[in-house]
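Visitor: the sequence and its predicted three-dimensional model are supplied below.
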2 protein chains.
Amino acid sequence: MFVPGSEATSEPPLPAAARPLVVQKFGGSSVGDADRIRRVARRIARERDGGSDLVVVVSAMGDTTDELLALAAAITDDPDSRELDMLLATGEHQSATLVSMALQALGVPAVSLTGAQAGITTDGRHGRARIANVDPRRVRQELANGRVVIVAGFQGVSQTDLEQAETTTLGRGGSDTTAIALAARLGATRCQVFTDVRGIYTADPRIVADARQLAVIGYEEMLELAHQGAQVMQVRAVELGWVNDVVIEVLSSFEDAPGTLIKEDPFVEQRNKVRGLAHDRNVAKITLVAVPDRPGVAHQIFAPLADAGINVDMIVQNVGHAGSTDMSFTIAEVELGRAKRILGPIIRDLGFREMTADSAVAKVSIVGAGIHNAPGYAARMFGALADAEVNIEMISTSEVRITCIIAEDQVETAVRALHAAFALERPEAIQGDPAARPGGGETTSGAA
Amino acid sequence: MFVPGSEATSEPPLPAAARPLVVQKFGGSSVGDADRIRRVARRIARERDGGSDLVVVVSAMGDTTDELLALAAAITDDPDSRELDMLLATGEHQSATLVSMALQALGVPAVSLTGAQAGITTDGRHGRARIANVDPRRVRQELANGRVVIVAGFQGVSQTDLEQAETTTLGRGGSDTTAIALAARLGATRCQVFTDVRGIYTADPRIVADARQLAVIGYEEMLELAHQGAQVMQVRAVELGWVNDVVIEVLSSFEDAPGTLIKEDPFVEQRNKVRGLAHDRNVAKITLVAVPDRPGVAHQIFAPLADAGINVDMIVQNVGHAGSTDMSFTIAEVELGRAKRILGPIIRDLGFREMTADSAVAKVSIVGAGIHNAPGYAARMFGALADAEVNIEMISTSEVRITCIIAEDQVETAVRALHAAFALERPEAIQGDPAARPGGGETTSGAA
């Protein structure tokens, strides 16, 4: 993972910029057509008029990525990941140039850069590259020339030799990751992630009518929310922000309203409270019945899944009896077919009784720093689900989270019941009025 | 201009390839959709099965370039040429990756390269860059690894530092130029240009029903045909092929038929014959009436047009009388508005009587090596036009061409009359049967 300061320091330190630097990121729906691109340009111009230097990271326009994938699928059902990366990266090249043109049309000096030009090198793994380094020579040079720098998100190159450099894409949430890596490397005062919602909510507002927008959330809490299914920010981008201490602001690209700040929260210990709910329907549960209860069996099951790139999420193994045990685990629903094909021969070799799979399950989670040290929360969660007649199939916990696997068709019932049980619609006494927030008047004093 | 051998020789010479190398180029309509891309891939695979190493240059799919231009136009009416180059280059990136995927799906090892990866550097002029050098390190490495190399046409980069390298496009006909530059640098045995016609014809077959496909044409003749409006190959690509002595074959991507070879023709002197006709409707004529007849006036008129990048084609100045003269010249019709705006103030300064402009004119040309030394051709051309009641407004000649400016609505009449007058439908005795040509059994023996 990229951490500023961990790189070689051959580069002389640059003088501190006279103007604060803000990194902004606009997602695909924000730049979905020419009108929206012009609107984004006006928003960028306004921020620049406010006195900031700006680096802007953009995703591909609207459905471009899906359309390119469909084109590849029309040609082959097994596209080479290296070719696919070259293909998909063009979507962000296009949106970056168009945003740059729109700014220039407003009289704002601007330049678009590819991932390569922005100095983003990766570990070279196609389709799921991780950023290895950011060498912002060109970005700094363009900023010094007074330009707004538009960077094509979601991509980097495998190395710095022009002919050998291979385009690599960063996988899901890649543009968020680009933005936060640049913010970290450039020492930006803030990384603003513009999206189609106003910020982070206590629960999905489409399910819970009185879901409340949070003014601030800590990195760890946000990480758990993202990991448990909140779609607003990707896990890896939050992680990168956390490790590099980048203040992230999630906000709407369609309305002028304060968003949610993601940052280190020194009052977490004192708050000790459920901050939000997450749910995820893209879950499948596999149960292995009568697994031989001997050392090494778990490795034999999970190593081949890991080799195939299938992430196993929750794992529950019951207490064994008579030399065998039952084991359940969850994976992403889209991976179920592949997982079953991989596990088929292993099951026969190891002599399980049977394997069952259920894709009609979902996860619901409560998230809040300090939950783990306050036993009352688990009981209240289970009680609220029981009162709503939602059956719990699996449970897992972390420092800041409790997750239950339930039937998929009970997700909305469960989320509403939990939101009410923890009174998440009530403004937190420990936070100032979100509307007053951008001025810095926030009062995050402790309370439970 | 790029000429092999003119570059630094720091690179050690590579051993001669065991297999002949062929460069193929497919235009936008050849790769217009997934089906056509698969068909192109089958064609490439067949050529490769025949024992050749292959480098394939592709244009953007179908209308992609126009769609990208429309997108830019929806955002600004004056897009920056640097941003436009980044935007347009994505079209060729996309088609290159898709052709590579289609080959891989056929079991043919393939890799797509951007202009940068293919080592194509340019003079850096956006929108109309010229190739400065081709460093085919990566291309040779991929060929040595047994891969078909698909190169994104129409583009190069301004320099070789990854972060500073700017994408530059080569302007109209850019992909042809890419293909011929690669063929020259790699020492290919042939550069095949696949298009939507079967080859070079004596006249546009849409106008002249019995227009005949030529089996062979010399570089100079082809250059004049292209320059005078034949759309099949761009002038600069033919020039590059001529200077580097690349054998070019123009052929159809939709049917399996022999095309037309463009190559040095040692029998030109003996043939001494009209080979083909060209016409161009994209012409406008400007006449300056009563131009002061003194030194330096022509410079004052044409220098500002050249500065604005407006190409002046034919220039005719009549013999002066009473200290003034009339001057007519032609430009591309699409440049007429700009040219008039530039010339307006100059006319006032120089004291012309008036400027008239006519965009309802067109060029028709007869082309054939040796025409200039055989005076009978001009007389026959003018006679044929007179018999067809086509008025000639301007005339210009070169070593291998005679061009007349006529009324635009008489183009078809003129072309048909000239085709008949020079009996171009008759097979040339000096050439073998085109159908037998690919086997090398061509008999280009002299005859007039």
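Guide: Sure thing, it's come through. Numbering: from 1, shown residues only, chains lettered A, B, ... in the order given.
Visitor: residues contacting the one residue in the stretch 201-350 of chain A that gets nearest to chain B?
Guide: Using C-beta to the nearest C-beta, the closest approach of the stretch 201-350 of chain A to chain B is made by residue A:253 at 16.7 Å. Any C-beta I mention is one placed from the backbone N, CA and C, and that applies to glycine too. Residues in contact with residue A:253 (C-beta atoms under 8 Å, 6 or more residues apart in numbering or on different chains) are A:26-27, A:29-30, A:39-40, A:43, A:194-196.
Visitor: burial count for the residue lying closest to residue A:255 once chain neighbours are set aside?
Guide: Distance criterion C-beta to C-beta, 6 or more residues apart in numbering or on different chains; nearest residue to residue A:255, sequence neighbours excluded, is residue A:198 at 7.0 Å. When counting by other C-beta atoms under 10 Å in any protein chain shown, one arrives at 19 neighbours for residue A:198.
Visitor: now stretch A:182-189, how far from the centre of its chain.
Guide: Relative to its parent chain, stretch A:182-189 has a centroid offset of 18 Å by C-alpha atoms, centre = their mean, to the nearest Å.
Visitor: how about residues contacting that stretch?
Guide: A:2-4, A:20-23, A:52, A:55, A:57, A:118, A:120, A:134, A:136, A:139-140, A:151, A:190-191, A:240-241, A:244-247.
Visitor: out of those, which touch chain B?
Guide: residue A:118 (C-beta under 8 Å from any C-beta of the partner chain).
Visitor: give me the buried subset of the contacts of stretch A:182-189.
Guide: A:2, A:4, A:21-23, A:52, A:55, A:57, A:118, A:120, A:134, A:136, A:139-140, A:151, A:190-191, A:240-241, A:244, A:246 (16 or more other C-beta atoms under 10 Å in any protein chain shown).
Visitor: domain parsing of chain A, as residue ranges.
Guide: Domain assignment for chain A, taken from automatic domain parsing, gives A:21-196, A:277-421.
Visitor: buried sites along stretch A:304-315?
Guide: A:305, A:310, A:312-314.
Visitor: and if you look at stretch A:399-415?
Guide: Here stretch A:399-415 shows A:400-408, A:410-411, A:413-415 as buried, counting by 16+ other C-beta under 10 Å.
Visitor: so who does the residue nearest to residue A:255 touch?
Guide: A:213, A:251-252, A:255, A:257, A:259-260.
Visitor: swap in 10 Å and give it another go.
Guide: A:205, A:213, A:232, A:250-252, A:254-255, A:257-260, A:434 (C-beta atoms under 10 Å, 6 or more residues apart in numbering or on different chains).
Visitor: report the two of those residues separated the most.
Guide: A:254 and A:434 (17.4 Å; C-beta to C-beta).
Visitor: helix/strand/coil for the residue nearest to residue A:255?
Guide: Judged by DSSP: H, G, I helix; E, B strand; the rest coil, the three-state class of residue A:198 is coil.
Visitor: same check on residue A:165?
Guide: With three-state DSSP as the criterion, residue A:165 reads coil.
Visitor: spatially nearest residue to it (excluding sequence neighbours)?
Guide: Closest to residue A:165 by C-beta to C-beta, 6+ apart is residue A:157, at 4.1 Å.
Visitor: give the contact list for the one you found.
Guide: Residues in contact with residue A:157, defined by C-beta under 10 Å, 6+ apart, are A:89, A:114-122, A:124, A:129, A:164-168, B:162.
Visitor: if we go to 8 Å?
Guide: Contacts of residue A:157 by C-beta under 8 Å, 6+ apart are A:115-116, A:120-122, A:165-168, B:162.
Visitor: drop anything exposed from those residues.
Guide: A:115-116, A:120-122, A:165-168, B:162.
Visitor: in strands, which of those fall?
Guide: A:120-122, A:167-168 (DSSP state E).
Visitor: nearest to chain B, of those?
Guide: Of these, the one sitting nearest to chain B (C-beta to the nearest C-beta) turns out to be residue A:167, at 8.1 Å.
Visitor: bridged to that closest one, which residues?
Guide: residue A:157 (DSSP bridges).
Visitor: residue contacts, it?
Guide: Applying C-beta under 8 Å, 6+ apart, the residues near residue A:167 are A:85-86, A:89, A:115-116, A:155-157.
Visitor: repeat that for residue A:192.
Guide: Contacts of residue A:192 (C-beta under 8 Å, 6+ apart): A:22-25, A:248-249, A:251, A:259.
Visitor: mind doing that once more with 6 Å?
Guide: A:24, A:249 (C-beta atoms under 6 Å, 6 or more residues apart in numbering or on different chains).
Visitor: any idea which element it lies in?
Guide: strand A:190-195 (DSSP states H and E).
Visitor: and the angle for the longest helix seen in chain A with helix B:81-105?
Guide: Secondary structure assigned by DSSP state H gives helix A:81-105 as the longest helix of chain A. Going by axes from the mean of the first three to the mean of the last three C-alpha atoms, to 10 degrees, helix A:81-105 is angled at 160 degrees with respect to helix B:81-105.
Visitor: and helix A:81-105 with chain B, contact?
Guide: Yes. Among the residues of helix A:81-105, A:83, A:86-87, A:90, A:93-94, A:97-98, A:100-102, A:104-105 lie within reach of chain B under C-beta under 6 Å from any C-beta of the partner chain.
Visitor: ok, those residues vs residue B:295, which is closest?
Guide: Nearest member of the residues of helix A:81-105 next to chain B to residue B:295, counting by C-beta to C-beta, is residue A:104, at 43.0 Å.
Visitor: neighbours of the closest one, how many?
Guide: Residue A:104: 22 neighbours (other C-beta under 10 Å).
Visitor: how near is it to residue B:68?
Guide: When distance is defined by C-beta to C-beta, to the nearest Å, residue A:104 is 17 Å away from residue B:68.
Visitor: buried members of the contacts of residue A:198 into ChimeraX, please.
Guide: Selection of buried members from those for ChimeraX, criterion 16+ other C-beta under 10 Å:
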select /A:213,232,250,251,252,254,258,259,260,434
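Visitor: how about the contacts of residue A:198 in JSON lines, adding pLDDT?
Guide: Shown next, in JSON lines, are the contacts of residue A:198 (pLDDT from 0 to 100):
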{"residue": "A:205", "pLDDT": "88"}
{"residue": "A:213", "pLDDT": "92"}
{"residue": "A:232", "pLDDT": "77"}
{"residue": "A:250", "pLDDT": "94"}
{"residue": "A:251", "pLDDT": "93"}
{"residue": "A:252", "pLDDT": "91"}
{"residue": "A:254", "pLDDT": "85"}
{"residue": "A:255", "pLDDT": "87"}
{"residue": "A:257", "pLDDT": "90"}
{"residue": "A:258", "pLDDT": "92"}
{"residue": "A:259", "pLDDT": "94"}
{"residue": "A:260", "pLDDT": "94"}
{"residue": "A:434", "pLDDT": "39"}
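Visitor: inside strands: which ones of the contacts of residue A:198?
Guide: Per DSSP E, the contacts of residue A:198 map to strands at A:250-252, A:260.
Visitor: how close does the closest residue to residue A:195 other than its chain neighbours sit to chain B?
Guide: In space, and not counting its chain neighbours, residue A:195 is closest to residue A:27: 5.5 Å by C-beta to C-beta, 6+ apart. The gap separating residue A:27 from chain B is 18 Å, by C-beta to the nearest C-beta, to the nearest Å.
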